[in-house]
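*Asks:* Generate coordinates for the sequence data below:
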Amino acid sequence: MFIKYLMTFLVSMLPVVELRGAIPYGLAQGLSLWQSFILSYVGNLVPVPFIILFVRQVFAWLRHKSSWLNKFVTKMENKAMSKEDIIRKYKVWGLLIFVAIPLPGTGAWTGALIAAMFDIRLKTAFPVIALGVLIAGIIISIISFGALSVFFS
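*Replies:* Predicted coordinates for the structure are as follows:
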């Protein structure tokens, strides 16, 4: 059982997959909805402070390693900066809405990247991202639990 907990936790830490994939994964592994939710929620938040605090330094280091990595970093920065209108207009509310909508390309990783690119401090960004992940987790749980009840009732 420990492996199921650990894998759900680790899956939620992956970029792109995050909590959106970890909750259904945990449920598919036989974990309860609450177990899947809590493991996914906490796991999804683990990388956030590190991204906010260190992504600029990591990007600067990667830029000097190769032209391919420089292109990758530029792509990531452009992705974050493409949300500039929302963030400038709605401030932290825009960040919250962005993280809370469980669609591909949104979530804690991108939200933390946006916070770092727009110099939103950790003490401001982390609670907003945590709330957004909570909302996304509730949405995904409802969808996942509903889908399970349709197929397995």
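
*Asks:* Contacts only, for the residue nearest the centre of the chain.
*Replies:* In the chain, the centroid-proximal residue (CA atoms, centre = their mean) is residue 108; its distance is 2.5 Å. Taking CB atoms under 8 Å, 6 or more residues apart in numbering as the contact definition, residue 108 lies against 18, 19, 44, 45, 47, 48, 99, 129, 132, 133. C-beta here means a position set from N, CA and C on the backbone, and glycine is covered the same way.

*Asks:* Confidence-wise, which helix or strand of the chain is lowest on average?
*Replies:* Taking mean pLDDT, DSSP states H and E as the measure, helix 84-90 is the helix or strand of the chain with the lowest mean score, a mean of 81.

*Asks:* Sort out which residues of that helix are buried, please.
*Replies:* residue 87 (16 or more other CB atoms under 10 Å).

*Asks:* list the helices and strands it packs on?
*Replies:* Helix 84-90 sits against helix 92-100, with contacts defined as 3 or more CB pairs under 8 Å, 6 or more residues apart in numbering; DSSP states H and E.

*Asks:* now stretch 70-79: how far from the chain's centre is it?
*Replies:* Mean C-alpha position of stretch 70-79 versus that of the full chain (CA atoms, centre = their mean, to the nearest Å) differs by 18 Å.

*Asks:* thinking again about what came up before, which residues does the least confident helix or strand of the chain contact?
*Replies:* Counting by CB under 8 Å, 6+ apart, 94, 95, 97, 98, 114, 118 sit against helix 84-90.

*Asks:* Setting the sequence-adjacent residues aside, check what's closest to the fifth one.
*Replies:* Right, residue 114. residue 80 (4.8 Å; CB to CB, 6 or more residues apart in numbering).

*Asks:* Residue 135 against residue 106, yeah?
*Replies:* No: the pair residue 135 / residue 106 is not scored as a contact, 11.3 Å apart, by CB atoms under 8 Å.

*Asks:* Comparing these two, which residue is more hemmed in?
*Replies:* More neighbours surround residue 106 than the other of residue 135 and residue 106, with 20 against 16 (other CB atoms under 10 Å).
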